[in-house]
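next come a sequence and a model predicted from it.
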Amino acid sequence: MRWALVKVCLAVTTMVVVAFAVPLGLVVQEMASDRAFSNAERQAATIGPTLSITTDPVQLRKAVESTQMGAARRMAVHLPAIGDSPPVGIGEGRAGERAVAETRRMGRATTASVPGGGSALLQPTALGSGDIAVVEVFVPESEVSNGVTTAWLVLAGVGLALIVGSVGVADRLGARLVRPAERLADAAHQLGEGRLGARVAEAGPKELRSAAVAFNAMADQVVELLANERELAADLSHRLRTPLTVLRLNTASLGDGPAAEQTRAAVEQLEREVDTIIRTAREQRPATGLAGTGAGAGAGCDASEVIRDRMAFWSALAEDEGREVRLAGVDRTVRIPVARPELAAALDAMLGNVFRHTPEGTPFAVDVHDASDAVIVLVSDAGPGIADPDAALRRGNDGGRDGSTGLGLDIVRRVAESTGGDVRLGRSVLGGTEVRVWIGLDGRTRGGAGGARVGRGVRRGNRRTRGRA
């Protein structure tokens, strides 16, 4: 496109220069010729008064030599035969007798070519006797073309400058058009190759800026759709961990025997497959990172109702393991801007961690606090605590620990951050781990003392702790 614009501009400018410069050069040449012959006519007219008074060759010769052209030997006077006197030529005549006779016959000024170059102006002049004399003035070729060469050179220079300037302007305009298009094409290739962070600078002409805006919006939508798909796959797989945890714990009560061993092996195999699916989905997440999957405006739930429902499920398993359960703050409605399935998944992730990483018989508690601008959900246990808070807070893990994907706290974090809140880990009043979830009601991020926020620095102690996913 760029070279096409340059070629078009070059062709158009060249045609315009030729269309104007050639006629202008011809006009200059014609003007130079007219100027030379007009000067010759004036010089010829200076001898006219003398011819009207006398035809004496001696007097006429003196008059001719006194003129500028006569002194330069470029003027001659051709007298006709008067009475018994033969024709007389005064000065150096260059025109032929035929041209002189033709001028005398026509009675008007003519020009004749001179052998060797140049022209002769023949001017008829009436004598007192009624005859006609012809005054000849030689006009050399240098006077006819005086200044013409310079004019042609100037016109050629101006035309060349116009062509070069127009090509330069066309090249700049072409670059202004082509570069944004090249950037757009390059970003499209990058996006097609899987580099989801490719974006286009919104620059250039209006149409290309609109195309860049549309491309960036499309790329953002693609990234968001892929991220949502991967998050959904990971979340759904992680939610399978809750019933798998129940199955794994229940298989411990089956005793010994081939059927019991096969059941336990099948549960372990299924748990490994679910872990593999979760890790694969997490590893394929684009590096750009997206916002949490919190619910939009108008989508919310009653946190107390959801917590009572999930605690009814987990309480049965807690009873089987001899765990004491305490539930507080759910006796009244607590509305939060989180969809019911998302809150249920977050609660299952936190309670599943309690059952997976604390011994049987360890008590735990769930407390709900309704503040003015946030709802705080506390999940506490009396277990040994967290061995590596950094690993627990890190999104995902390296896959080196079976039965843990690191996604549990990530689900909780995304639910909290979708409302402007956060997640903190600390020491509970029961002596074990406390997971404190701030769910914002007004979009402002809240913080509290005595814990470590997810993704930030973690306070460490000298307590003996154990890992948690």
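That came through, no problem. Numbers count the residues shown, from 1 in each chain.

contacting residues for the residue nearest to the spatial centre of the chain?
With distances taken as C-alpha atoms, centre = their mean, A201 lies nearest the centre of the chain, 3.3 Å away. Residues near A201 by C-beta atoms under 8 Å, 6 or more residues apart in numbering: 180, 183, 212. (C-beta placed from N, C-alpha, C; glycine too.)

how about low-confidence regions in the stretch 351-469 of the chain?
388-408, 442-469 (pLDDT under 70).

ok so, going back, just the ones in strands from the contacts of A201, please.
Taking DSSP state E as the definition of strands, the contacts of A201 contribute nothing to them.

sort the residues you listed by pLDDT and name the bottom one.
Among these, P180 carries the weakest pLDDT, at 80.

surely that one and S210 touch.
No: at 10.9 Å, P180 does not count as touching S210 under the criterion of C-beta atoms under 8 Å.

between the two, which one's more packed in?
Using other C-beta atoms under 10 Å, the more surrounded residue of P180 and S210 is P180, with 21 against 12.

quick one: that one from A211, how far?
Remark: distance between P180 and A211 (C-beta to C-beta, to the nearest Å) = 8 Å.

likewise L244?
From L244 to A211 the distance is 49 Å (C-beta to C-beta).

what about the strands in the chain?
According to DSSP E, the chain carries its strands in the segments 75-79, 88-91, 110-113, 119-126, 132-139, 301-302, 325-328, 335-336, 364-370, 374-381, 422-427, 433-440, 452-453.

in a markdown table: the ones you listed, plus distance to S38 and mean neighbour count.
Shown next, in a markdown table, are these (distance: least, C-beta to C-beta, whole Å; neighbours: other C-beta atoms under 10 Å):
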| stretch | distance to S38 | mean neighbour count |
| --- | --- | --- |
| strand 75-79 | 16 | 24 |
| strand 88-91 | 21 | 20 |
| strand 110-113 | 12 | 16 |
| strand 119-126 | 10 | 21 |
| strand 132-139 | 10 | 25 |
| strand 301-302 | 105 | 18 |
| strand 325-328 | 119 | 13 |
| strand 335-336 | 103 | 18 |
| strand 364-370 | 109 | 19 |
| strand 374-381 | 102 | 23 |
| strand 422-427 | 99 | 22 |
| strand 433-440 | 97 | 25 |
| strand 452-453 | 100 | 20 |
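
redo those as TSV? Include distance to T358.
As requested, the strands of the chain are arranged in TSV below (distance: least, C-beta to C-beta, whole Å):
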stretch	distance to T358
strand 75-79	131
strand 88-91	136
strand 110-113	124
strand 119-126	122
strand 132-139	122
strand 301-302	28
strand 325-328	13
strand 335-336	27
strand 364-370	7
strand 374-381	5
strand 422-427	14
strand 433-440	8
strand 452-453	19
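
looking at the ones you listed, which is closest to A45?
strand 119-126 (7.3 Å; C-beta to C-beta).

would you mind getting the angle between the closest one and strand 132-139?
Counting by axes from the mean of the first three to the mean of the last three C-alpha atoms, to 10 degrees, strand 119-126 lies at 160 degrees to strand 132-139.

got the contact list for strand 119-126?
So strand 119-126 is contacted by 37, 40-41, 44-45, 47-48, 51-52, 94-95, 99-100, 103-104, 106-114, 132-139, 141, 144 (C-beta under 8 Å, 6+ apart).

kindly report the same for stretch 180-191.
Contacts for stretch 180-191 (C-beta under 8 Å, 6+ apart): 1, 198-201, 203-205, 208-209, 211-212, 215, 219, 222.

among the residues you listed, name the ones in helices.
208-209, 211-212, 215, 219, 222 (DSSP state H).

Throw together a ChimeraX command that grabs the buried residues out of those residues.
A single ChimeraX command suffices to select whichever of the ones in helices among the contacts of stretch 180-191 are buried according to 16 or more other C-beta atoms under 10 Å:
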select :208,211,212,215,219
